[in-house]
Structure formats: C-alpha cells, structure tokens
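S.K.: the amino acid sequence is not available; the structure is as follows:
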C-alpha cells in the first residue's frame, strides 16, 4: 500500500531502512549517465522527496525519458541522505509511469510570473507558491469553522439568490430565467412578475440580514460562503466573486462584538502558524519579508480602540502631507489607515462612525449623528473586518429606511424581527480572501482564489 509524503515525514524514524511505495508527480528530473534524481511531490505536504535511481533498474532508459509533470509510482528503500539539509531519500527499486506528460507542459522547473500562472490556473497548484497558498486557504477555512463550532455557533447557509440588497449599493448581478431575446416589457419596464420568482432577484452581496434571523433563534450563528459584486474594479483587492465570514450574535453589544473579532482573528492566525509551518516559512522567505514577525506581533497585541472622531483628530494633527485630507464626517483613506496602525503600533478598532456613510441597519447612537459601527485596521493591510451593533429599535429602523428611500415592503420580514422578541445583537463581516492576503503576504486577490472571477475573466 502506498504511503503519503506527509506520513512519510511524520514516521521517518520508524520507516528508515524500510521499503515504501509512493505515488505522485515529477517536479524536476536531473539525469546522468548511470543514475538520476527525481524531485517528487504528491501534494500531501509542502515538502518534496528525492528519488534516486540507477542503471541497475530494468527500465532505466525508459525512466530517463520521464518528463516533468509525469505521474509515477515508486517502490524504494528509505535511506539516509548524504546531501546536507536533506534527512532522507528514496533509493528506487521500481519506478513506474502512471500518467505521461507532454513536452508542451507549461509548468517547467523555472521561475514563472504570477501573471503567466493566472493564465494556467488549472495547473498552477503544482507550483510551490500556489501549493502553499491553497493549502493555507484550506487550513484557514477549517480554522474559521473550528473557532465558531467549538464555541457553539450554528453554521447558517445564506441564500445565494436574493431579492434584498443588504449594502444598498446596487452593485448586484441580476438573476433571471428570461430568454434575453424575448424579455417581457410593460410600459417600458421589465415585467419581473413573469420571471422565475415573480420579482427582480440577484446574487447575494451579503448573508447578514438572513443570518440575523437565525441569531434570534440560536443566539449565535455564522455564515461562510460566496458573495458577489457586479462592480468593474480591477484592483489587487477586488473580485466579482469572493467568500465572506459573517457571524451574528444575540444579546451582544458593540463592545462584545469587538472582543469576538479580536479573539477570532488571533485564533485563526495562530492556527495557521501552528499547522502550516513549512508554507509560512516559504512565504516569509520568498513572498513577504518578516511576515512571521508581523503575524506573531498581531497574535500577541492588545488591539487599540478609538472613535472615528478621535481618529480624524489624530490624522488632522499629524505632520503629514495627505493625498486625501482627513475630514470629520467622511470616510478614512488607505493612507489614513496606515498612519493610524503605525500611530498605535498595532491593530486598532475605529468605532462610532458617521451615520450618513454607513448602512441602514446599524444601531443609531444617542447623539443622532453616529452609529455603533466598527472597522478593524491592521498593520500592513488596513481595514480587514467591519461590524456593528444592529438597530433593534423598530421605530428607528423604519425611520432610517424611510430616510434612505428604501422599499419597506421588500424588507418587511427583516423589520418584523424587531416586533417579535428582538434582542440587542451585533455581527461583523470578514472577507476571506483579504484575510488570506494578510496571512500569506500574497498581495493580489487573483492569487489567493483558485479560479478568480474578475472583469473580463470567467475562464477556468
């Protein structure tokens, strides 16, 4: 029976001197007249295995023809390696070709640009960088689920197709069953009453509103799923399809929300550092210098807290020539986020934001000008999470919806939550890919999503 590379490394002491069978792929192949070296990987761990074979094998000449990318099966003895820095190698007794690989194989053992590898997205997990990225993506996703599951949260699957625009930005992908060459029109407008759901529907931008309904039944719930934005943005941190983590907690105010945000972020970062040491060392060495130092500092930091007004005061007093002048009542730019994390020498929560630049569902503060909202800024990334206490007062929520000219009928179910046993409740949103950018140091969102969906790009 074949053994995985991961298990081989874990049990190397007991397997030394034994015969093993390994199955995987050739990552590099160095051939000499009487022997050869195969750099072997099976994807079960970040580390590779060196396979050594010689001309005593019956199919020696055939083995020498095996190219990079070929799938092989090797029977061999685990022996100590004479090479410095390499604990062991496999002395091959049999090397069998399982799947051939043509000469036109694009992923050769040389440096490829990330732009080139995006064009070969179906093959890029075979490179060191993307082996590391997508394993960390897998482990980080598990850590998020483990954090919430271990603390009694109910995992809620928010609908992908929805009739509500949670953020009110209108940048939504429309969903229809219409034949687009025969769209029914009445008085110059599309007659959605004849569509699949009898109304205009879209792909979700957030599962928050629906998650709030579950928080009022289970106390603690969270979503972790795909969300969509129909915006033509070609930045390094925007994509049209991405994943969001959105917890909702009843009997929780803004203070409690921030405590959960801090605890959760520290937990998942610590989990990845512990369970992906080889990948994280790789990122630290080849992607972002001192990444491990940055993450270790985050885990051991006490997150600072400052109101939006206080933050603007700090920025206005700073001896800095700003590209965008900080102003009370307005949003905070990237350069401001960077300055504030340096000013506080670590992560900082910015609370109590101006009502007019935040969403309708956020709890209104007694001053009538701000809401109980929070953004978490971290060094090197800026905003990484955003949350708020939700408005539980029925009259205030209705009044705010009216002020913004939103459709009360479409949101009737959400408003009614405030009539049927409502509680103070809070939640936050964390973009999974932005978290991955922060944890890996890989700065482009296209390189932390297996198959990125961005403007002009929907190929595999």
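M.R.: Noted; the coordinates are in hand. Since this is a predicted model, take the numbers as computed values, not measurements. Numbers count the residues shown, from 1 in each chain.

S.K.: and the strands in the stretch 1-150 of the chain, which stretches?
M.R.: All strands of the stretch 1-150 of the chain, identified by DSSP state E, counting those that start in this stretch, fall at 19-31, 35-41, 49-54, 71-80, 88-99.

S.K.: what pairs with the fourth one, parallel or antiparallel?
M.R.: Neighbouring strands of strand 71-80 in its sheet, by DSSP bridges, are strand 19-31 (antiparallel), strand 88-99 (antiparallel).

S.K.: please apply the same query to the shortest one.
M.R.: The strands beside strand 49-54 in its sheet (DSSP bridges) come out as strand 35-41 (antiparallel), strand 88-99 (parallel).

S.K.: deepest of these, which one?
M.R.: For the strands paired with strand 49-54, the stretch with the most neighbours on average is strand 35-41, a mean of 20; neighbours defined as mean count of other CB atoms under 10 Å. The way it works is simple: take the backbone N, C-alpha and C, and place the C-beta from them, glycine included.

S.K.: please state the offset of that strand from the chain centre?
M.R.: Using CA atoms, centre = their mean, to the nearest Å, we find the averaged C-alpha position of strand 35-41 to lie 34 Å away from the chain's own average C-alpha position.

S.K.: same question for that strand, mean pLDDT?
M.R.: Taken as a whole, strand 35-41 has an average pLDDT of 97.

S.K.: contact partners of that strand?
M.R.: Outside strand 35-41, the residues that touch it by CB atoms under 8 Å, 6 or more residues apart in numbering are 5, 22, 24-30, 48-55, 63-64, 66, 72, 74, 90, 95, 109, 131.

S.K.: make a ChimeraX selection of the buried ones in these.
M.R.: This is the ChimeraX syntax for the buried subset of the contacts of strand 35-41, where burial follows 16 or more other CB atoms under 10 Å:
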select :5,22,24,25,26,27,29,48,49,50,51,52,53,63,66,72,74,90,95,131
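
S.K.: dump the strands paired with strand 71-80 into JSON lines; add distance to residue 232 and mean pLDDT as well.
M.R.: Converted to JSON lines, the strands paired with strand 71-80 look like this (distance: least, CB to CB, whole Å; pLDDT from 0 to 100):
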{"stretch": "strand 19-31", "distance to residue 232": "38", "mean pLDDT": "97"}
{"stretch": "strand 88-99", "distance to residue 232": "41", "mean pLDDT": "98"}
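
S.K.: turn those strands into TSV, including distance to residue 136.
M.R.: As requested, these are exported to TSV (distance: least, CB to CB, whole Å):
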stretch	distance to residue 136
strand 19-31	19
strand 88-99	26
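
S.K.: closest to residue 214 out of those strands?
M.R.: Between residue 214 and those, the shortest separation by CB to CB is 43.0 Å, and it involves strand 19-31.

S.K.: all strands of the stretch 251-400 of the chain, in order?
M.R.: Ranges of strands within the stretch 251-400 of the chain are 304-307, 348-354, 370-378, 382-389, based on DSSP E, counting those that start in this stretch.

S.K.: could I get the ones you listed as JSON lines with distance to residue 447?
M.R.: Converted to JSON lines, these look like this (distance: least, CB to CB, whole Å):
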{"stretch": "strand 304-307", "distance to residue 447": "31"}
{"stretch": "strand 348-354", "distance to residue 447": "27"}
{"stretch": "strand 370-378", "distance to residue 447": "20"}
{"stretch": "strand 382-389", "distance to residue 447": "18"}
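
S.K.: figure out which of the ones you listed is closest to residue 146.
M.R.: If you check each of the strands of the stretch 251-400 of the chain against residue 146 by CB to CB, strand 382-389 wins as the nearest, at 18.3 Å.

S.K.: sheet-wise, list the partners of the closest one with their directions.
M.R.: Each strand that strand 382-389 pairs with, and the sense of that pairing, follows from DSSP bridges: strand 370-378 (antiparallel), strand 425-431 (antiparallel).

S.K.: which parts of the longest one are buried?
M.R.: The reference is to strand 370-378. Using 16+ other CB under 10 Å, the residues of strand 370-378 that count as buried are 370-378.
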